[in-house]
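Participant: Provided below for reference: sequence and predicted model.
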Amino acid sequence: MTDLASRLEGVVGSKGIRRDGEVDLLDPGWHPDNLRARLLVAPASTEEVAEVVRIVAEAGASLVPQGGRTGLVGGARTREDEVVLSTHRLDRILRLDPIERVAVVEAGVTLEALQRAAAEHGLEPGIDLAARGTATIGGMVSTNAGGILAFRNGVMRHRVLGLEAILPDGSRLGDLTRIVKNTTGYDVKQLLIGAEGTLGCVTRIAVRLDPTPRARVTALYGLPSTAAALDLLRRAFGDGRLDLRAAEVMWAEFARATAAANGIADPAIDLSHPVHLLLEAGGAEEAPLQAAFEDLYTGHLEEGLEVGGVIAHSERQRDDIWRLREDTGAIYRLYPAAPSYDVSVPATEIEDWLARFAEDLEGHDPGLGFYAFGHLGDGNLHVILKRAGPLAEAEEAAIDDLVYRDLGRLGGAFSAEHGIGSKRRAAFAVHADPGKAAMVRLLKASLDPDGVMNPGKIV
C-alpha cells in the first residue's frame with residue numbers, strides 16, 4: 001500500500017490523502033467500518049478521480065466511494081486493504097440557472113448547500129431528507145435517495161437530468177445534459193443512479209429545480225387509526241387549496257419517544273392518539289392553507305371521529321413538530337444499534353401489514369416490540385426494533401422473513417430508500433426477483449469484472 005499511496009499522492013497532492021492514523025481522525029458516520037481502510041484519497045476534480053481509479057485498478061486494489069457517510073445499510077463499509085475515494089473536495093456548485101431551473105454540482109456538494117444556493121433564486125432541488133446537512137448530492141444519486149418530497153416529486157432518479165461519472169476502468173461517462181427530453185439511445189446514467197458506487201464514481205450532476213412556495217403551513221393531526229390517517233390524507237390531496245409538501249406518519253410510541261428526547265411539552269401538541277399525521281403545504285398565502293387544514297379537522301369531527309390537531313403558529317412550534325418526526329437518533333439512543341427496516345407498502349395495505357407484522361413478531365418473541373414511522377404519502381415505512389445491538393444471524397433471518405415475506409405479493413419493496421449496501425445483501429439474494437438479480441450480477445460482471453468499485457455491496 002505504501003507504493004500505491006505514493007502514486008495517489010502524486011495525483012491529489014498532500015492535502016488530498018490520509019494514511020493510517022490520519023484516517024481515524026475523521027468521523028466514520030453511521031457505521032464504524034466506514035473508515036477501516038488505512039488509505040483515503042480525496043480528488044479535487046473529475047480528472048483526478050479518473051487517474052485515481054486507473055491507478056487503483058492497475059494495482060489490483062479496490063475503491064469505496066464515500067460522500068457524507070450518512071447511509072444506513074453499510075454501503076460505505078471498508079476493509080483495511082481497500083481505498084476510500086472521498087468526494088469532500090468535489091464541493092463546487094458549477095452552475096445554477098434560474099431560467100433553466102437547473103443546477104450543475106460536483107458530487108461532494110451537500111443537499112443543504114444546494115438548498116441554500118437555490119433559495120437565493122426562489123428555487124429548491126425538490127428533494128429533502130433529515131440528513132440534509134451532511135448527505136451529498138453524489139451520495140444521494142448513488143443511493144437513489146427518497147425522503148420527504150418523494151410522493152410528489154419522485155426520488156433522486158427523477159430529479160437528475162444528467163450526470164458525469166468515472167467507470168471502473170478509469171474512463172469517463174459524460175452524460176451531463178441539462179434538459180428533460182433526451183431520446184439519444186439507452187439512458188445509461190440510470191445504471192449509476194442507485195448502484196451505490198458499485199459501477200463507478202459519480203463526479204458531477206445536473207439537478208432540476210422547482211420554485212419555492214411563498215408561504216408554508218404545517219399541521220399535526222392525532223387520529224384513531226391508520227385508516228383514519230389515510231382518509232385524511234386522501235381528503236388533503238383532493239383539496240384544491242392545498243399543495244402538499246409533506247405527509248409524514250408516526251405511530252404513538254415513536255412520537256412520544258422523540259417528544260420526550262427533545263423535551264417537547266407544548267400542550268397544543270397532543271400525543272395521546274394512536275396515530276399522528278404531519279402535513280405541510282405550500283402556496284402563495286398562508287390563510288387559505290390554514291383554512292383548509294382547519295376544514296380537514298372539523299370534517300373528521302363531524303363524522304364522530306376522535307381527532308386532535310394543531311396548526312403551527314410559530315417557527316418554533318413548526319420545528320418542534322418536525323423534530324418529532326426527524327429525530328430518529330432518539331430511538332437509537334434508547335436502543336443503540338437497534339435493528340431497523342425500511343420498506344415500501346402500498347397505501348391500501350399498510351394497516352393490515354402493520355397488524356400482521358405486530359402479531360407475527362409477538363409470536364416470534366413476545367417481549368420484542370417495535371417503533372413505526374414513515375412517509376405515508378408514498379407508503380415508505382420505517383420499523384425499528386426495541387432491542388439494542390445487532391441480531392444473531394439466525395434470528396435476523398427469521399425476523400427478515402416476517403418483515404419481507406408478503407411485500408412482493410402486495411406490490412411493495414423490501415428496501416424503499418436506504419438501499420442494499422452490505423446490510424441487505426442476504427435479503428436481496430432471497431427476496432429480489434431472480435431475473436432482476438441475474439441482470440444486476442451481469443451488469444456488475446460486465447462493467448467491473450475485476451471488482452474495483454465498492455466490492456461486497458448489493459451482490
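Facilitator: Ah, there it is. If you're wondering where the values come from, they're calculated on a predicted model, not measured in any experiment. Numbers count the residues shown, from 1 in each chain.

Participant: which residues does residue 279 bridge with?
Facilitator: The partner list for residue 279 in beta bridges (DSSP bridges) reads residue 219, residue 247.

Participant: thought it was touching residue 229?
Facilitator: No: using Cβ atoms under 8 Å as the test, residue 279 is too far from residue 229 to be in contact (10.0 Å). For the C-beta atoms, the positions are set from N, CA and C on the backbone; glycine is no exception.

Participant: now do the shared contacts for those two.
Facilitator: Shared contacts of residue 279 and residue 229 (Cβ atoms under 8 Å, 6 or more residues apart in numbering): residue 221.

Participant: now the closest residue to residue 403 other than its chain neighbours, which residues is it bridged with?
Facilitator: Nearest non-adjacent residue to residue 403, counting by Cβ to Cβ, 6 or more residues apart in numbering: residue 341, 5.0 Å away. On the basis of DSSP bridges, residue 341 is bridged to residue 383.

Participant: what about residue 341, distance to residue 436?
Facilitator: 20 Å (Cβ to Cβ, to the nearest Å).

Participant: more neighbours: these two, which one.
Facilitator: More neighbours surround residue 341 than the other of residue 341 and residue 436, with 23 against 10 (other Cβ atoms under 10 Å).

Participant: quick check: pLDDT value at residue 390.
Facilitator: Looking at residue 390, its pLDDT reads 88.

Participant: tell me the contacts of it?
Facilitator: 337, 339, 396.

Participant: regarding the first one, what is its secondary structure?
Facilitator: In the three-state summary, residue 337 is assigned as coil, counting by DSSP: H, G, I helix; E, B strand; the rest coil.

Participant: from residue 310, how far off is the residue nearest in space to the middle of the chain?
Facilitator: Most central in the chain under Cα atoms, centre = their mean is residue 145, positioned 4.0 Å from the mean C-alpha point. From residue 145 across to residue 310, the span is 30 Å (Cβ to Cβ).

Participant: with residue 333 instead?
Facilitator: 26 Å.

Participant: neighbour count: these two, which is higher?
Facilitator: Using other Cβ under 10 Å as the criterion, residue 333 and residue 310 rank with residue 310 on top: 20 against 12.

Participant: could you pull out the helices for the stretch 51-200 of the chain?
Facilitator: Under the criterion DSSP state H, counting those that start in this stretch, the stretch 51-200 of the chain contains helices at 111-119, 137-143, 150-153, 156-159, 189-192.

Participant: right, and those - which one's nearest residue 362?
Facilitator: Of all the helices of the stretch 51-200 of the chain, helix 150-153 sits nearest to residue 362, with 30.7 Å by Cβ to Cβ.

Participant: domain-wise, how is the protein divided?
Facilitator: As recorded under automatic domain parsing, the domains making up the chain are 2-86, 93-211, 215-327, 331-418.

Participant: CSV for these, including distance to residue 440?
Facilitator: Output for the domains of the chain, formatted as CSV (distance: least, Cβ to Cβ, whole Å):
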stretch, distance to residue 440
domain 2-86, 15
domain 93-211, 9
domain 215-327, 31
domain 331-418, 13
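
Participant: for the residue nearest to residue 213 when sequence neighbours are not counted, the count of nearby residues, please.
Facilitator: Spatial nearest neighbour of residue 213, excluding adjacent residues (Cβ to Cβ, 6+ apart): residue 282 at 2.9 Å. Residues contacting residue 282 under the criterion other Cβ under 10 Å number 19.

Participant: okay, residue 282: pLDDT?
Facilitator: 97.

Participant: then residue 224?
Facilitator: 96.

Participant: residues contacting it?
Facilitator: With Cβ under 8 Å, 6+ apart, residue 224 has these contacts: 273, 274, 275, 305, 306, 307.

Participant: and the strands in the stretch 351-459 of the chain, which stretches?
Facilitator: 370-375, 380-385 (DSSP state E, counting those that start in this stretch).

Participant: quick check: buried residues in the first one?
Facilitator: In terms of neighbour count (16 or more other Cβ atoms under 10 Å), strand 370-375 has its buried residues at 370, 371, 372, 373, 374, 375.

Participant: residue 36 versus residue 64, what's the distance?
Facilitator: 10 Å.
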